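> build me a model:
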Amino acid sequence: MKLLIPALVLALSTPILAQAQTPLRLWPGDAPGAKGQMPDDIPTLTPYLPAANASGAAFIICPGGGYSGLSMDHEGRAYAQWLNQNGVAGFVLKYRLGSRGYRHPSMLQDATRAIRLVRSRAAEWKVDAGRVGVMGSSAGGHLASTLLTHFDAGDAKSADPIERESSRPDLGVLCYAVITMGPNTHGGSRDNLLGPNPPPELVKLLSNEQQVTPQTPPCFIWHTVADPVVKVENSLDFASALRKNGVPFDLHLYQNGGHGLGLDDDTPPFRNALPWAGDLLFWLKQQNFLTPQPLQIIPTSQRVPQTWHYTTAQPTPNWAQPGFDDKAWQVGSGGFGTDAEPGLAARTAWNTSDIWLRREIVMPQGEHPNLKLWAFHDEDVDIFLNGTLAAHAPGFTTRYEPLEISAQARTQLKPAARVMMAVHCHQTTGGQGVDVGIVAE
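Below is the predicted model:
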């Protein structure tokens, strides 16, 4: 048990912090279920981007307020600027509220759209689409935990490119969060989210300690035992559910302290930030959120789930054409008709040969120099872009490795271009799998 007292956190010098950009509407028109066109009906996302030493990681930030108001400065702007100080981008979410007549699922729709939006504009904001977490405090922590337990891979067939992105956060940070809608809940938050007398099945659905699965992302959780508003059992029960499902987590309990503490020091450079901030930095470093990584232009499935087509037959002559559909190719979100295991685009079979995998990708807008393939493979593979050999990777790997793209194949990677990526597995050895993406180094 720790005493919650101010501590010096990485404040050796005053950093240069980026200014917030203009809030962005999550939808170009009305949000789903909008009750009007007043500011309270328009959910927005405000980017705060680090001015220097950017790691490429980012967080969607959900301020608290009991689903009645929003602590946009104390639990929004301050968090974002503190993240910026440590090289991480922050995106502060203004979501719709029960006090303005909204109920579930409006709030989750806003959070889901926010993370999809960040991933869809990752190249523009210099964010790694595979290192986007969610952070929330109090009722904002409930919204964050809802996103951590109610996500999907996106709709690959959607006409809206934003909706094609995964809504699964890569990490979660929960600050004195409301988790349950059961007996230990915060009554005001539940009333504003679910309305009076919600049905038991809805209470269970939004009691997020009951919705944890092995696919729930790793989490950092902190709470004070003395919190008089949101019981510490919320955090304890969520951590217990993570443990039962084998999900990595850090749990930090502090003996003293009230509710809604935030950083306590909301002014850069945050020299008197509370100890949880230093504990979080230590954890984020372990998660590779503070170290620059190759920028995922077209993510690997290790980062974002994706659908591949596969065949063991010889492809037809026009198999490399974007948008071409051949009945010989079967569809499976993981290859061979099964779900992908964590870190694998496709599971391959033992000691087989001539397996082909393909998927269509869309390059982002803008020029991206220094592109490379990022691959994991358990066999000799050839990688093609629009039918042009991009790289050959012999043998097998035990980790993701960069591959140079051939000059001829590189010409296919134009801004906004549709490209057919294909992988030819010559001879499998261990039956582990294949994963390929495109990164900018």
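
> where in the stretch 301-441 of the chain is pLDDT low?
Scanning the stretch 301-441 of the chain for pLDDT under 70 picks out 301-306, 332-353, 378, 397-399, 427-433, 441.

> again, only this time at 50
For the stretch 301-441 of the chain, the stretches flagged by pLDDT under 50 are 333-344, 350.

> tell me where it has strands.
308-311, 330-332, 353-362, 371-377, 379-385, 388-393, 401-403, 418-428, 434-440 (DSSP state E, counting those that start in this stretch).

> winner for burial among these?
strand 434-440 (a mean of 24; mean count of other Cβ atoms under 10 Å). Using the backbone N, CA and C atoms, a C-beta is placed for each residue, glycine as well.

> rewinding a little: got a markdown table for the strands of the stretch 301-441 of the chain, with distance to Ser99 too?
Formatted as a markdown table, the strands of the stretch 301-441 of the chain follow (distance: least, Cβ to Cβ, whole Å):
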| stretch | distance to Ser99 |
| --- | --- |
| strand 308-311 | 45 |
| strand 330-332 | 45 |
| strand 353-362 | 40 |
| strand 371-377 | 46 |
| strand 379-385 | 51 |
| strand 388-393 | 53 |
| strand 401-403 | 50 |
| strand 418-428 | 45 |
| strand 434-440 | 43 |
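
> out of those, which gets nearest to Ala57?
Closest approach to Ala57 among the strands of the stretch 301-441 of the chain (Cβ to Cβ): strand 434-440, 14.5 Å.

> what about that closest one, distance to the chain center?
17 Å (Cα atoms, centre = their mean, to the nearest Å).

> can you name the next helix or strand after the strand or helix carrying Gly278?
If you go by DSSP states H and E, Gly278 is part of helix 275-286. Scanning forward in sequence from helix 275-286 by DSSP H and E, the next helix or strand is strand 295-298.

> mind giving me the packing neighbours of that following strand?
helix 122-125, strand 434-440 (3 or more Cβ pairs under 8 Å, 6 or more residues apart in numbering; DSSP states H and E).

> show me this structure divided up by domain.
24-293, 297-440 (automatic domain parsing).

> looking at those domains, which is buried most?
domain 24-293 (a mean of 20).

> start to end distance for that domain?
Criterion Cα to Cα, to the nearest Å; first-to-last residue distance in domain 24-293 is 27 Å.

> again with stretch 131-149
Span of stretch 131-149 from end to end, Cα to Cα: 17 Å.

> just stretch 128-145 next, same as before
Note: stretch 128-145 ends 22 Å apart using Cα to Cα.

> now that stretch, how far from the chain's geometric center?
The mean C-alpha position of stretch 128-145 is separated from the chain mean by 9 Å, Cα atoms, centre = their mean.

> mean confidence (pLDDT) on the helix holding Gly278, please.
Averaged across helix 275-286, pLDDT comes to 96.

> repeat that for stretch 87-105.
The model assigns stretch 87-105 a mean pLDDT of 98.

> give me the most central residue, this structure.
Pro169 (2.7 Å; Cα atoms, centre = their mean).

> which ones are touching it?
Applying Cβ atoms under 8 Å, 6 or more residues apart in numbering, we find Pro169 in contact with 60, 115, 132-134, 144, 147-148, 151, 217.

> distance check, it against Ala111.
With the distance defined as Cβ to Cβ, to the nearest Å, Pro169 ends up 9 Å from Ala111.

> how far away is Pro96 from Ser55?
You called it Pro, but residue 96 is Arg. Note on Arg96: its distance to Ser55, by Cβ to Cβ, is 31 Å.

> if we can go back for a sec, can you put the contacts of Pro169 in JSON lines and add distance to Arg103 and pLDDT?
Shown next, in JSON lines, are those (distance: Cβ to Cβ, whole Å; pLDDT from 0 to 100):
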{"residue": "Ile60", "distance to Arg103": "21", "pLDDT": "98"}
{"residue": "Ile115", "distance to Arg103": "21", "pLDDT": "97"}
{"residue": "Val132", "distance to Arg103": "27", "pLDDT": "95"}
{"residue": "Gly133", "distance to Arg103": "26", "pLDDT": "97"}
{"residue": "Val134", "distance to Arg103": "21", "pLDDT": "98"}
{"residue": "Ala144", "distance to Arg103": "18", "pLDDT": "98"}
{"residue": "Leu147", "distance to Arg103": "17", "pLDDT": "98"}
{"residue": "Leu148", "distance to Arg103": "20", "pLDDT": "98"}
{"residue": "Phe151", "distance to Arg103": "20", "pLDDT": "95"}
{"residue": "Pro217", "distance to Arg103": "26", "pLDDT": "94"}
